[in-house]
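K.L.:
Using only what follows, build the 3D model:
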Amino acid sequence: MPIFEFQCEECGEIFEELILGNTDEEILCKKCKSPKVKKLISQVAFKSGSKFVSSLGSVCSTCKGGTCSSCH
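P.N.:
Just a heads-up that it's a prediction; the model follows:
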């Protein structure tokens, strides 16, 4: 189940929300309860063996930045 990150346009609060299926339920700010929220783009990462594969590319456990020869 995907967890999405939102930011309130009223108070600036950043919060996460679990979205179950394809729902049209209104998302409210956790702090001020405003419906004026926008979905943020978040990075996704998965571990495969000793490497982390993310939306930014492959990152190994050695350099943590995807810059060493074992990452590529």
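K.L.:
per-domain residue ranges of the protein.
P.N.:
For the chain, automatic domain parsing gives the domain ranges 1-41, 45-72.
K.L.:
Mean pLDDT lowest where, among those?
P.N.:
Ranked by mean pLDDT, the domains of the chain end with domain 45-72 at the bottom, a mean of 58.
K.L.:
Neighbours of Cys8, how many?
P.N.:
Here the neighbour count serves as a burial measure; for Cys8 (other CB atoms under 10 Å) it reads 21. No exception for glycine: its C-beta is placed from N, CA and C like everyone else's.
K.L.:
for Glu16, what are its contacts?
P.N.:
With contacts taken as CB atoms under 8 Å, 6 or more residues apart in numbering, Glu16 has the following neighbours: Ile3, Phe4, Glu5, Phe6.
K.L.:
So it versus Ile41, what's the distance?
P.N.:
Summarising the geometry, the distance separating Glu16 from Ile41, computed by CB to CB, to the nearest Å, is 14 Å.
K.L.:
What of Pro35?
P.N.:
In this structure, Pro35 lies at 20 Å from Ile41, with CB to CB as the measure.
K.L.:
With Gln7 instead?
P.N.:
Computed with CB to CB, the distance linking Gln7 and Ile41 is 11 Å.
K.L.:
Which one of those two is surrounded by more residues?
P.N.:
In terms of neighbours (other CB under 10 Å), Gln7 is the more surrounded of Gln7 and Ile41; the figures are 15 against 7.
K.L.:
How many neighbouring residues does the closest residue to the more buried one other than its chain neighbours have?
P.N.:
Once its chain neighbours are removed from consideration, Gln7 has its nearest residue in Ile14; the separation is 4.9 Å (CB to CB, 6 or more residues apart in numbering). By other CB under 10 Å, the residues close to Ile14 number 13.
K.L.:
From what I see, Ile14 and Lys30 are in contact.
P.N.:
No: applying CB atoms under 8 Å, one finds Ile14 not in contact with Lys30, separated by 9.5 Å.
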